[in-house]
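In: Sequence and predicted structure are below.
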Amino acid sequence: MQTNLKVIAWRFEEYYKKTRIPVWVFEQNNSLVFTNFTTSAILNIMEEMLQKARNFRISHSIEGSYLDLDNPYEMYYSFNSDGGKHQFYTVVIGPVMTVKPSGNVWPNLTFGENLFVEQKRILSNALPVINKEEFLLHITNFFNEVLEETPPDFSAHSEKFLNTAKKKSQSSDIAAFDAELSAEDARAYEEISRIEELFNVFVVNGSVYKLFSLFDDEKIMDVLFPDKTSYRDCGIRSIELLTIAKIASIESGTDKKVCQARFEKFVQELKVCKSYEKIVSVLRNGTLEFAKSSHEVNAHTSENYSPMTNKCIKRIIEKLPDKITLDDLASELHISAKYLSALFNKETGTSISDFMQNIRINEAKRLLRNTDLSYSEISNMLNFCSQSYFNNLFKKKEGMTPKEYREKRDELVMSSQ
């Protein structure tokens, strides 16, 4: 088989969005040239994936493949792919878990050693849990849809795999369900599923501006809220979307308790809304909070930092724009303020107070670029003590005032038209 990696790399990324199954591509010199697995815990398993690629090349021919089911808790599929010009790649699909990793499972995983609690949590949320038959089906789809190649024959590995009777039964069930739907209903359900998937992806990636665009798209809002006069229906739909946002934010690495508290806060607000406009406003604010938290967590935490520093960064992000002190952070993390300050400064190269200021200024820049909120509204929203302090701090950090920054944005927009 021949693979032009540059051409199909985007398909690998789409494959992960749909399945959450990692794909790793290694060159002959053992360097990693591509992976669709981009969570903050990537370094914790990358070395193990490289070792699997090495072992596979030693044991198999250039045209070989191997379904690794040796470990009862994890599964892999490895194969070689011809890249042309005497270049071939080794591709490893996995890890895929057969059970949700827990205390007694982690030591038995090939990548389970020397992980901090936080790293285990991230990996546990990032890796899919499926059975063998589902994994084989995913690999088949990978070859059919991503590589557009003939899939491997797994009949020797599973009698259930692609069982004709089962497929006919499933097709019959689907046909019966489809028969009950009008063509218009079917299209509506498909569109709702697509929008929900966008919500999930945008929140996981912290794509705040793209979420703004979703809420500003009247066609999308009409699909989500077909009966705007029914506050009950609008509220139920909003809670469903907030649930998607909560799960996506947890998947991105945001603290689960914080996400649940945020979710319950906005659900309570939805319960007292008496108009469609108010319901959408609460939904938008809640979804954007989840996305902003995901964005900042992804942008500012690092595998090079200690778990304590990453936890501190997450606490800051989760609490801003509310005011928080060093003593508050130290108390929540059960550590002395002096030690926390020194550790944070040593690992990030900046003080905690400067870090908090930078995040608030970055958020101000985003609001200045993407909204028409007034300067005083932005100042109040981000809890600056006064607009003059906001102006002075912004100029100190960016070399221009908020007004000059926004005018520069407008000039760029005009020049592009």
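Out: Structure received. Treat the numbers as computed from the prediction; the structure is a model and nothing was measured.

In: so Phe37 is in which element?
Out: Under DSSP states H and E, no helix or strand contains Phe37.

In: Was I right to think it contacts Pro22?
Out: Yes: using Cβ atoms under 8 Å, Phe37 makes contact with Pro22 at a distance of 3.6 Å. (Glycine included, C-beta is placed from N, CA and C.)

In: and these two? which has more neighbours close in?
Out: Neighbour comparison, Phe37 and Pro22: the larger count goes to Pro22, with 26 against 20 (by other Cβ atoms under 10 Å).

In: which residues touch the more buried one?
Out: 16, 35-37, 49, 93-95, 127 (Cβ atoms under 8 Å, 6 or more residues apart in numbering).

In: Tell me the secondary structure at the nearest residue to Leu373 once chain neighbours are set aside.
Out: Excluding the flanking residues, the one nearest Leu373 by Cβ to Cβ, 6 or more residues apart in numbering is Leu367, at 5.7 Å. Following DSSP: H, G, I helix; E, B strand; the rest coil, we place Leu367 in the helix state.

In: and the gap between Leu367 and Asn144?
Out: Distance of Leu367 to Asn144, given as Cβ to Cβ, to the nearest Å: 45 Å.

In: Could you check how far the residue nearest to Leu373 is from Leu198?
Out: Taken as Cβ to Cβ, the span from Leu367 to Leu198 is 22 Å.

In: thinking again about what came up before, among the contacts of Pro22, which one sits closest to Gln119?
Out: Leu127 (12.2 Å; Cβ to Cβ).

In: Phe263 reaches Leu241, doesn't it?
Out: No: Phe263 is beyond contact range of Leu241, at 11.1 Å (criterion: Cβ under 8 Å).

In: Tell me both backbone torsions, phi and psi, for the nearest residue to Glu363 once chain neighbours are set aside.
Out: Nearest residue to Glu363, sequence neighbours excluded (Cβ to Cβ, 6+ apart): Leu382, at 6.0 Å. Main-chain dihedrals, Leu382, degrees, to the nearest 10: phi -100, psi 10.

In: Leu382: how many residues sit nearby?
Out: 16.

In: contacting residues around stretch 281-292?
Out: 199, 202-203, 206-208, 211-212, 215, 238, 241-242, 245-246, 248-249, 254, 259, 262-263, 265-266, 269-270, 273, 363.

In: quick one: buried residues of that stretch?
Out: Neighbour counts over stretch 281-292 (16 or more other Cβ atoms under 10 Å) mark 282-284, 286-292 as buried.

In: nearest to Asn345, of those residues?
Out: Of the buried residues of stretch 281-292, the one sitting nearest to Asn345 (Cβ to Cβ) turns out to be Lys292, at 24.9 Å.

In: secondary structure class for that closest one?
Out: Following three-state DSSP, the label given to Lys292 is helix.

In: again, but for Ser379
Out: helix.

In: For it, give me its contacts.
Out: So Ser379 contacts 386-387, 390 (Cβ under 8 Å, 6+ apart).

In: same thing but 10 Å
Out: 364, 373, 385-391, 394, 402 (Cβ atoms under 10 Å, 6 or more residues apart in numbering).

In: any idea how far it is from Leu367?
Out: 10 Å.

In: Could you tell me which ranges of the stretch 1-150 of the chain sit under the pLDDT cut-off?
Out: For the stretch 1-150 of the chain, applying pLDDT under 70 flags the ranges 1-7, 39-44, 60-63, 82-87, 114, 118.

In: switch to 50 and redo it
Out: For the stretch 1-150 of the chain, applying pLDDT under 50 flags the ranges 1-3.

In: And the helices in it?
Out: Using DSSP state H, counting those that start in this stretch, the helices of the stretch 1-150 of the chain run over residues 5-19, 42-59, 117-126, 132-141.

In: just the angle between the last one and helix 5-19, please?
Out: Taking axes from the mean of the first three to the mean of the last three Cα atoms, to 10 degrees, helix 132-141 and helix 5-19 form an angle of 150 degrees between their directions.

In: Buried residues, helix 132-141. List them.
Out: Neighbour-count burial for helix 132-141 flags 132-140 (criterion: 16+ other Cβ under 10 Å).

In: Nearest to Phe111 among those?
Out: Among those, and counting by Cβ to Cβ, the member closest to Phe111 is Phe135, at 17.3 Å.

In: what about that closest one, distance to Ile21?
Out: Separation of Phe135 from Ile21 (Cβ to Cβ) stands at 8 Å.

In: Please identify every residue contacting each of those two.
Out: Counting by Cβ under 10 Å, 6+ apart, the shared contacts of Phe135 and Ile21 are 75, 77, 93-94, 96, 128.

In: now, which of those lie within strands?
Out: 75, 77, 93-94, 96 (DSSP state E).

In: In ChimeraX, how would I select the buried members of the contacts of stretch 281-292?
Out: Buried members of these, identified by 16+ other Cβ under 10 Å, are gathered into one ChimeraX selection as follows:
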select :199,202,203,206,207,208,211,212,215,238,241,242,245,246,248,249,254,259,262,263,266,269,270,273,363
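
In: Counting only helices, which of the contacts of stretch 281-292 make the cut?
Out: Among the contacts of stretch 281-292, the ones falling in helices (DSSP state H) are 199, 202-203, 208, 211-212, 215, 238, 241-242, 245-246, 248-249, 259, 262-263, 265-266, 269-270, 363.

In: And for Trp106, nearest residue in space, chain neighbours not counted?
Out: Gly112 (4.0 Å).

In: and the one you found, how many neighbours?
Out: Neighbours around Gly112, by other Cβ under 10 Å: 18.

In: any idea how far the closest residue to Ser275 other than its chain neighbours is from Val223?
Out: Distances taken as Cβ to Cβ, 6+ apart place Tyr231 nearest to Ser275, at 7.2 Å, with adjacent residues excluded. Separation of Tyr231 from Val223 (Cβ to Cβ): 18 Å.
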